[in-house]
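Student: Need a 3D model of the following:
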Amino acid sequence: MAKFTGMFEKALEFAIKKHKGQKRKSTNMPYFRHPISVAENIEEIKKSKNIELLMTAAILHDTVEDCAWVTIQEIAKKFGFYVAALVEELTSDPKQIAKIGKTTYLKKKMEKMTSYTLVIKLADRRHNVKDMSETTKEFQKKYTQETNEILEYLESWVRKLTETHQKLIDKIKEVLKNQKSK
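Tutor: Numbers count the residues shown, from 1 in each chain. The predicted model follows:
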């Protein structure tokens with residue numbers, strides 16, 4: 001593992017504090033376990049001199065979206081511009097989702113994401129599909145369909161995928177395949 005400066009640990013403390021009391025819908029477990037799992041997915045697959053930066057942004061990826069009192073400006077002040085830029089790029093726009101639908105929104109958003117942001121988003125999706133076994137069959141079917149549509153779109157001509165992107169996509173497909181065979 002790369003030598004960390006302490007930024008990751010500071011982000012972990014921040015995320016745990018900000019997500020305090022929130023529960024994961026699918027498992028009813030404390031929410032902060034989700035961003036930790038996303039960071040672990042990145043650590044498992046991505047080899048980079050910027051691994052701490054990626055894992056820090058992964059830990060913080062839902063704070064602005066799910067914690068109304070957290071802003072991009074606060075993230076930038078505490079963790080730097082680059083982490084804030086990644087978190088901002090990962091933060092969904094509910095008005096756009098309502099306007100064009102979640103699947104279309106995510107496809108368009110992921111098509112234009114920077115490479116690092118797409119790594120975090122795919123690691124997030126991987127954890128979401130792992131976690132969905134605790135949800136209703138109806139939700140599983142809908143989320144699986146949405147995920148497959150997004151992955152097919154990404155693997156088409158829309159953007160160049162890195163080896164890391166492809167590894168994460170393959171891991172997501174593997175989870176979906178294993179869940180389908182159960």
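Student: Please make it C-alpha for all contacts and neighbour counts, starting now.
Tutor: Noted.
Student: Would you map the helices across the chain?
Tutor: For the chain, the helices defined by DSSP state H cover 7-18, 33-45, 51-60, 63-66, 72-79, 81-90, 94-100, 102-112, 115-131, 137-153, 163-180.
Student: out of those, nearest to Ser26?
Tutor: helix 115-131 (6.5 Å; C-alpha to C-alpha).
Student: List the contacts of Phe4.
Tutor: Contacts for Phe4 (C-alpha atoms under 8 Å, 6 or more residues apart in numbering) come out as Glu52.
Student: shaky segments in this protein?
Tutor: For the chain, applying pLDDT under 70 flags the ranges 1-3, 181-182.
Student: Can you tell me how far Ser115 is from Leu54?
Tutor: 11 Å (C-alpha to C-alpha, to the nearest Å).
Student: Not counting sequence-adjacent ones, nearest residue to Met29?
Tutor: Lys23 (5.4 Å; C-alpha to C-alpha, 6 or more residues apart in numbering).
Student: beta partners of that neighbour?
Tutor: On the basis of DSSP bridges, Lys23 is bridged to Pro30.
Student: so which of the helices of the chain comes closest to Thr27?
Tutor: That would be, of the helices of the chain and by C-alpha to C-alpha, helix 115-131, which comes in at 7.3 Å.
Student: which residues touch that closest one?
Tutor: Residues contacting helix 115-131 (C-alpha under 8 Å, 6+ apart): 26-27, 34-35, 37-39, 41-42, 54, 57-58, 86, 89-90, 110, 143-144, 147, 162, 164-165, 168-169, 171-172, 175-176.
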